[in-house]
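In: Pasting a predicted model and its sequence here:
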Amino acid sequence: MTIERFFQNMNTSFSGYEDISYIDKEADRYIWFYIPALKTDSSVVADEIRNYIDLLRFTLSQITNGKMVIVFTMHDIYGVNTITSNNEISQAISFYNSTIYELASLNSNVKIIDFSAFLNKYSHNDLIDWKYYFISQMALNPRLSSSFQEWLEVQINSIELKRKKCLILDLDNTLWGGVLGEDGVEGIVLGGDYPGKAFSFFQHQILELEKQGIILCVCSKNNIEDVRDLWDKHPEIILKEKHFSALKINWVNKADNIRQLAEELNIGLDSMVFIDDNPAEREIVKTNIPEVVVPVFPEQPYQLPIFFKEIAEKYFSIYSLTKEDLSKTEQYKQNALRISAKELFTDMDDYIRSIEIEIIVSEVNDLSIQRVSQLTQKTNQFNLTTIRYTDADIKNFIEKGAKVFTLSVRDKFGDYGLTGVCITIIKNNIAEFDTLLLSCRILGKKIEEAYMYYILNELKNNGVDLVKSKFVPSAKNSQVNDFYEKVGFSLISQENGVKEYQQNLKEKEINLLENYKYL
């Protein structure tokens, strides 16, 4: 089939028809995409489909495990079956799809995209333009190419673990029907028959996002005492105070409230989605904070499931979850306790000692590769080079002998999880930092310095004499502009904001910072 038009927004080269004789070893990633042949003999088509699996197995054997392979599921976009008991093609497709999922379970670099999610948006008559098929062997309707490219971008962002972090919710006529201040706890519409049933379903769906690591916040013009009364007393309430990481329930401008939420949570405004039924409130946020996504809220409650599906899949999709994703709400609540504790101290060292910080530096393993990739994709502030990597890229580093040091942190309030990464390329007795990053959640306690000194000490103990590093400026990492200088590196060159450093370890004693417990 001719598919170039559907991938023209990507820097892509294409094989010949069913030609796997040449596989470009220099490609960053590969896409395997087959549609069943539009032929009349079902036995021939079924045999071809089964053969595609053999071709895929051979192709995978030619590609290093460090390169990502994206495989589309297969679906019959046009079939004429006059013998209804003949399911030869559907069986072959079922075998194909079950086999590619099996291959993905055995090969972490293989990622599956469910093509049916795109096809189901259209009728069979819309999927094929027979004129184009007969002229150019283009099975998919070319008029769908723009929609396909937008959809594929979402799928790839999911694979690369890129998604929005935070969902900010209004309350009145958004999570329930009615206005709490006017209708009271008993008068709002939630649960029971329609439309209350629609709002309950909406809350259940949002709760699933929270379970998947999306930070939930409230931004509502209300009296907080009234809202807490509802959370305590309403028998049908699903989303309660415990499910939200931060609250802005007041009469302040919502744009200002959202900025404060971003500051309190220490996340970017561009990682937020704001849902509000009021067009005027949405417009204020859109105008004043264009980085925040503000979708149009449906006019009728029965449209809420469609609305949720659209925003959830577009902004919050992720290929798979890490342990850290599953504990996001608890982590941000723990951070609020740390901030409160910090206010009791005037000396930073006294505060650090009081919260009993434990630092665990390890080398990446099969269980942590995905989290490491996720951090490279979404960490912006404390990120010295801001290079984005997939889990296949991380595996490629390991296969080439690089050291990937991970940082996990916990204290008396709880576990931060895996929050730091340093990718180190070592040749002979020289080490070079390709990537150094830390989650913004652990900053402000000198953990970044403790982590760096620990790594330098490890490198020295393993025979490294010289360490090279680099700072590459971005729109968000100005706060680490001089980090390497703070930890003893010498500036070697500077051009267009890019700084190159080195540190000689041969005759230097590396002292680990006190006040931390190293595990």
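Out: That came through fine.

In: In this protein, which strand is the longest?
Out: For the chain, the longest strand by residue count, based on DSSP state E, is strand 414-427.

In: Could you point out the helix or strand that follows it?
Out: Tracing the chain past strand 414-427, the next element assigned as helix or strand by DSSP states H and E is strand 430-438.

In: Just checking: what are the partner strands of that following strand?
Out: In the sheet containing strand 430-438, the strands it pairs with under DSSP bridges are strand 382-383 (antiparallel), strand 414-427 (antiparallel), strand 466-471 (parallel).

In: Minimum distance to Met452: which of those strands has it?
Out: Comparing these against Met452 with C-beta to C-beta, the closest turns out to be strand 414-427 (8.0 Å). All C-beta atoms are positioned from the backbone trio N, CA, C, and that covers glycine.

In: CA atoms only: put that closest one into PDB for me.
Out: Once side chains and other backbone atoms are set aside, the C-alpha atoms of strand 414-427 remain, and they are given as PDB (Å, rounded to 0.1, in the frame of the first residue of the first chain):
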ATOM      1  CA  GLY A 414       7.500   9.500  52.700                       C
ATOM      2  CA  ASP A 415       9.100   8.200  49.600                       C
ATOM      3  CA  TYR A 416       9.900  10.600  46.700                       C
ATOM      4  CA  GLY A 417      10.600   7.600  44.400                       C
ATOM      5  CA  LEU A 418      13.100   7.600  41.600                       C
ATOM      6  CA  THR A 419      13.800  11.300  41.000                       C
ATOM      7  CA  GLY A 420      17.200  11.800  39.500                       C
ATOM      8  CA  VAL A 421      19.200  10.500  36.500                       C
ATOM      9  CA  CYS A 422      22.800  10.800  35.400                       C
ATOM     10  CA  ILE A 423      23.800   9.200  32.100                       C
ATOM     11  CA  THR A 424      27.600   8.800  32.100                       C
ATOM     12  CA  ILE A 425      29.600   7.700  29.000                       C
ATOM     13  CA  ILE A 426      33.000   6.300  30.100                       C
ATOM     14  CA  LYS A 427      35.900   5.700  27.800                       C
END
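
In: Sort out which residues of that strand are buried, please.
Out: Residues of strand 414-427 classed as buried by neighbour count (16 or more other C-beta atoms under 10 Å): 415-426.

In: Just the closest of those residues to Lys395, please.
Out: Proximity of the buried residues of strand 414-427 to Lys395 was ranked by C-beta to C-beta; the top entry is Ile423 with 12.0 Å.

In: circling back: let me have the strands paired with strand 430-438 in JSON lines, extended by distance to Phe307 and mean pLDDT.
Out: Formatted as JSON lines, the entries for the strands paired with strand 430-438 read as follows, by distance: least, C-beta to C-beta, whole Å; pLDDT from 0 to 100:
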{"stretch": "strand 382-383", "distance to Phe307": "34", "mean pLDDT": "95"}
{"stretch": "strand 414-427", "distance to Phe307": "32", "mean pLDDT": "94"}
{"stretch": "strand 466-471", "distance to Phe307": "43", "mean pLDDT": "96"}
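
In: Helices of the stretch 251-400 of the chain, start to end?
Out: 254-265, 279-288, 304-315, 328-342, 348-354, 369-378, 391-399 (DSSP state H, counting those that start in this stretch).

In: Just give me the lowest mean pLDDT stretch among these.
Out: The minimum mean pLDDT among these belongs to helix 328-342 (a mean of 81).

In: Which parts of the protein belong to which domain?
Out: 4-159, 166-315, 346-518 (automatic domain parsing).

In: do you know which of the helices of the stretch 251-400 of the chain lies nearest Ile83?
Out: For the helices of the stretch 251-400 of the chain, the distance to Ile83 is smallest for helix 304-315, at 36.5 Å, taking C-beta to C-beta.

In: Which other helices and strands does the lowest-mean-pLDDT helix or strand in the chain contact?
Out: Counting by mean pLDDT, DSSP states H and E, the chain has its least confident helix or strand at helix 328-342, which shows a mean of 81. Judged by 3 or more C-beta pairs under 8 Å, 6 or more residues apart in numbering; DSSP states H and E, the packing partners of helix 328-342 are strand 215-221, helix 348-354, strand 414-427.

In: Brilliant, that's me finished.
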